[in-house]
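Novice: Just need the structure, nothing else, for what follows:
(one chain, ligands or ions: 1)
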Amino acid sequence: MKIAFVGGGNMANAIIGGLLQNGVSARNVSVVEIDVAARARLKEQYQVIATQDLGEAVQDASVVVLAVKPQQLHRVADHLRPRLLEHLVISIAAGIRTIDLSRWLGGYARIVRVMPNTPALVRAGVSALFAMPGADAQDRQAAESILKSVGTTLWVDREDLMDAVTAVSGSGPAYVFYVMEAMMQAAEALGLSASAARQLTLETFYGAASLARQSDESVGLLRARVTSKGGTTERAIQSLDSQQVKRHVAEAVLQAALRSRELGDELGKAD
Ligand SMILES: NC(=O)c1ccc[n+]([C@@H]2O[C@H](COP(=O)([O-])OP(=O)(O)OC[C@H]3O[C@@H](n4cnc5c(N)ncnc54)[C@H](OP(=O)(O)O)[C@@H]3O)[C@@H](O)[C@H]2O)c1
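Specialist: Prediction:
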């Protein structure tokens, strides 16, 4: 499988790094990148083929991964359209619906849309995938194996669920960092040094996520387990409940999903 990336930014770098680490040969990866310095970096870091010639990269590839900013995708699609033959097209551009991309590509329908997240940069991402009916089982498998190189994957069978995915895992790392910020501030206010606050907070998130991941029990049960009657955790949870923190978090996630839908409408408007 030869893979051509269009756009060699953060996400493409993460996925390329993952693929090479998983044994894919650098000879089978090319990147179309308009920025000279970025091209040089890609060549140096990964020894992949880095070019500014879309035609050259696509000609030799069976898979094209669109990894430019959503606002740049329409233009890229215009250039790509006459060059598509039997390619699987994978788009990681946030918000762009397959029906719009397909229209920009002249009705091409062998498309898989992916929503990764930034922990992909450290191979701990989670990516949701949606396939157009024009993508067959082999295409789905190819897309899944590419994204598996930077974390776990799951399929959604309705594209509108991508707005929910964006709201949960796409934007999710920012919510986690937000709570981390609050915990570090509180830790410092209680007299801990900045470095101790950072270590205690980060390791607690990492440890709790690892524990929840390995456990068959619900996170609710895991929480109840560390909440003994009359204890410190109970007091903290009571404080969170009295501020209706769960309701506010749910509202924040809902707002993100609504914004994702709005962006999809805005970005997909152009003919
Ligand atoms: N980062 C995330 O957390 C995340 C999560 C989910 C999805 N995504 C999606 O992943 C995509 C890439 O994100 P990113 O953070 O990697 O963006 P990025 O760092 O800006 O990477 C895009 C790269 O493509 C280059 N480019 C622009 N137009 C091009 C063209 N016509 N041909 C070839 N290269 C071109 C850009 O160059 P210039 O800088 O010179 O324009 C830039 O180097 C986005 O669509 C984003 O929505 C990102």
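Novice: For the rest of this, base every contact and every neighbour count on C-alpha atoms.
Specialist: OK.
Novice: quick one: Met115 and Ile92 touch, right?
Specialist: Yes. Look at Met115 against Ile92 with Cα atoms under 8 Å: they come within range, at 5.8 Å.
Novice: Now for Arg123, how many residues are close by?
Specialist: 18 (other Cα atoms under 10 Å).
Novice: What residue in the stretch 51-200 of the chain comes nearest to the ligand?
Specialist: Ala93 (3.0 Å; Cα to the nearest ligand atom).
Novice: Pull the contacting residues for that residue.
Specialist: Leu66, Ala67, Val68, Lys69, Pro70, Leu73, Arg113, Val114, Met115 (Cα atoms under 8 Å, 6 or more residues apart in numbering).
Novice: what about the longest helix in this structure?
Specialist: Using DSSP state H, we find that the single longest helix of the chain is helix 245-267.
Novice: what sits up against that one?
Specialist: Taking Cα under 8 Å, 6+ apart as the rule, helix 245-267 contacts Pro70, Gln71, Gly95, Ile96, Arg97, Asp163, Ala164, Thr166, Ala167, Val168, Ser171, Leu240.
Novice: Give me the pLDDT for Trp270.
Specialist: I think there's a mix-up here, since residue 270 is Ala and not Trp. Looking at Ala270, its pLDDT is 83.
Novice: measure the spatially most central residue of the chain to Gln243 for me?
Specialist: Per Cα atoms, centre = their mean, the C-alpha nearest to the average position across the chain is that of Pro116, at 1.5 Å. Distance, Pro116 to Gln243, using Cα to Cα, to the nearest Å: 32 Å.
Novice: ok so, going back, and the contacts of Ala93 near the ligand, which?
Specialist: Restricting those to those within reach of the ligand (Cα under 6 Å from any ligand atom) leaves Ala67, Val68, Lys69, Pro70, Met115.
Novice: Now Lys69: closest residue in space that isn't a chain neighbour?
Specialist: Excluding its sequence neighbours, the residue lying closest to Lys69 (Cα to Cα, 6 or more residues apart in numbering) is Ala93, at 6.1 Å.
Novice: Quick check on that neighbour: phi, psi?
Specialist: When read as degrees, to the nearest 10, the backbone of Ala93 gives phi -70, psi 120.
Novice: Give me the buried positions along stretch 251-263.
Specialist: By neighbour count on 16 or more other Cα atoms under 10 Å, the buried set for stretch 251-263 is Val253, Leu254, Ala256, Ala257, Arg259, Ser260, Arg261, Leu263.
Novice: Give the rounded mean pLDDT of that stretch.
Specialist: Here the average pLDDT along stretch 251-263 is 96.
Novice: wait, what's in contact with Val68?
Specialist: Contacts of Val68 by Cα under 8 Å, 6+ apart are Val6, Gly7, Gly8, Gly9, Ala93.
Novice: ok, and the most crowded of the residues you listed?
Specialist: Val6 (27 neighbours).
Novice: Please tell me how far it sits from Thr227.
Specialist: On the measure of Cα to Cα, Val6 and Thr227 end up 50 Å apart.
Novice: what do you get for Met180?
Specialist: In terms of Cα to Cα, Met180 sits 20 Å off from Thr227.
Novice: How about Ala236?
Specialist: In terms of Cα to Cα, Ala236 sits 9 Å off from Thr227.
Novice: In strands only, show me the contacts of Val68.
Specialist: Counting by DSSP state E, the part of the contacts of Val68 found in strands is Val6.
Novice: could the contacts of Val68 go into JSON lines alongside pLDDT?
Specialist: Listed next are those as JSON lines, based on pLDDT from 0 to 100:
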{"residue": "Val6", "pLDDT": "98"}
{"residue": "Gly7", "pLDDT": "97"}
{"residue": "Gly8", "pLDDT": "96"}
{"residue": "Gly9", "pLDDT": "95"}
{"residue": "Ala93", "pLDDT": "95"}
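Novice: Nearest to Leu121 among the contacts of Val68?
Specialist: The shortest approach to Leu121 among those belongs to Gly9, at 11.3 Å (Cα to Cα).
Novice: Tell me the backbone dihedrals of that closest one, please.
Specialist: phi -90, psi -150.
Novice: wait, what's in contact with Ser91?
Specialist: Per Cα under 8 Å, 6+ apart, neighbours of Ser91: Val65, Leu66, Ala67, Ile111, Val112, Arg113, Val114.
Novice: Let's see whichever strand in the chain runs longest as PDB, backbone CA atoms only.
Specialist: As assigned by DSSP E, the longest strand anywhere in the chain is strand 125-131. The C-alpha trace of strand 125-131 is given here as PDB (Å, rounded to 0.1, in the frame of the first residue of the first chain):
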ATOM      1  CA  GLY A 125      -5.000   9.100  20.000                       C
ATOM      2  CA  VAL A 126      -8.500   7.800  19.300                       C
ATOM      3  CA  SER A 127      -9.900   8.100  15.900                       C
ATOM      4  CA  ALA A 128     -13.500   7.700  14.700                       C
ATOM      5  CA  LEU A 129     -14.000   6.600  11.100                       C
ATOM      6  CA  PHE A 130     -17.000   6.900   8.800                       C
ATOM      7  CA  ALA A 131     -17.000   5.300   5.400                       C
END
